[in-house]
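Undergrad: return a 3D structure for these sequence lines:
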Amino acid sequence: MKTMRINLNKKGFTIIEVVLVLAIAGLIFLMVFIALPAMQRAQRDTQRRNDYSALSTAITNYMTNNNGRFPSACTSTLTNGSASTSDSGICSSTLKYINSLDQGGATGFADDPSGNDYALNVKKLTGAASEVTALTVTNTTDGSYVWVYQNADCSAKDSNDQSMPAYKQGSRNFAIYGQLENGTYCSESK
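TA: Residues are numbered from 1 along each chain as shown. Okay, here's the model as predicted:
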């Protein structure tokens, strides 16, 4: 009679191998979900920097077409390509330059990447000590506040060692200052 031979060498994965693969896959997914919001914030900040650069170009164009005169001081909210206040300065006059820089979008410079309207503030600095102190910005993380300062450059530092506007004599010098989600932004005219 023949004896039957049983093969005990079965091929397959052990429980430990399956759990290990699932744990590694879980860690990869966790890292992606942690990194995604940071990447989105960085992308929105990049768009804000581009918008601030377009604003700087618009102000320079305004000054070129108005005999070097800086736009009047004002505060306004830019909503869908128009200013919400009845001012006579940059909040109305510069919009045609801002909109000419739009790359085909419906709202142009009006909406920041978070979907909020930009709040535009224009101020001429005179060198008073209280003005420099007043430049400290309330920490807003939505990035919708933009300040334009005449007679300013970006030579001052805030408490986080980031550039911020400081008084600098000269009517053609201006600084654009904005709050980003990952810090602040300051750019000066050249």
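
Undergrad: please enumerate the strands of the protein.
TA: Secondary structure of the chain (DSSP state E): strands at 74-79, 82-83, 118-124, 145-150, 152-157, 163-167, 174-180, 183-188.

Undergrad: any idea how far residue 156 is from residue 166?
TA: The span separating residue 156 from residue 166 equals 4 Å under the rule CB to CB, to the nearest Å. C-beta: built from backbone N, CA, C; applies to glycine.

Undergrad: those two: who's more crowded?
TA: Set side by side, residue 156 and residue 166 give different neighbour counts by other CB atoms under 10 Å, the larger being at residue 166 (21 against 17).

Undergrad: would you agree that one is in contact with residue 154?
TA: Yes: with contact defined as CB atoms under 8 Å, residue 166 reaches residue 154; the gap is 7.4 Å.

Undergrad: returning to that earlier point: which among the strands of the chain is found nearest to residue 45?
TA: With distances scored as CB to CB, the stretch of those nearest to residue 45 is strand 174-180 (4.4 Å).

Undergrad: send me that closest one as PDB with only the CA atoms.
TA: The C-alpha coordinates for strand 174-180 follow below in PDB (Å, rounded to 0.1, in the frame of the first residue of the first chain):
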ATOM      1  CA  PHE A 174       6.600 102.800  -1.400                       C
ATOM      2  CA  ALA A 175       6.300  99.500   0.300                       C
ATOM      3  CA  ILE A 176       3.500  96.900   0.000                       C
ATOM      4  CA  TYR A 177       2.900  94.900   3.200                       C
ATOM      5  CA  GLY A 178       0.600  91.900   3.600                       C
ATOM      6  CA  GLN A 179      -0.200  89.100   6.000                       C
ATOM      7  CA  LEU A 180       0.400  85.600   4.600                       C
END
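
Undergrad: elements contacting it?
TA: The criterion is 3 or more CB pairs under 8 Å, 6 or more residues apart in numbering; DSSP states H and E, and the helices and strands that strand 174-180 contacts are helix 15-65, strand 145-150, strand 152-157, strand 163-167, strand 183-188.

Undergrad: swap the cut-off to 10 Å and go again
TA: Judged by 3 or more CB pairs under 10 Å, 6 or more residues apart in numbering; DSSP states H and E, the packing partners of strand 174-180 are helix 15-65, strand 118-124, strand 145-150, strand 152-157, strand 163-167, strand 183-188.

Undergrad: tilt between that strand and strand 118-124?
TA: 150 degrees (axes from the mean of the first three to the mean of the last three CA atoms, to 10 degrees).

Undergrad: what lines up beside strand 174-180 in the sheet?
TA: Using DSSP bridges, the strands paired with strand 174-180 are strand 145-150 (antiparallel), strand 183-188 (antiparallel).
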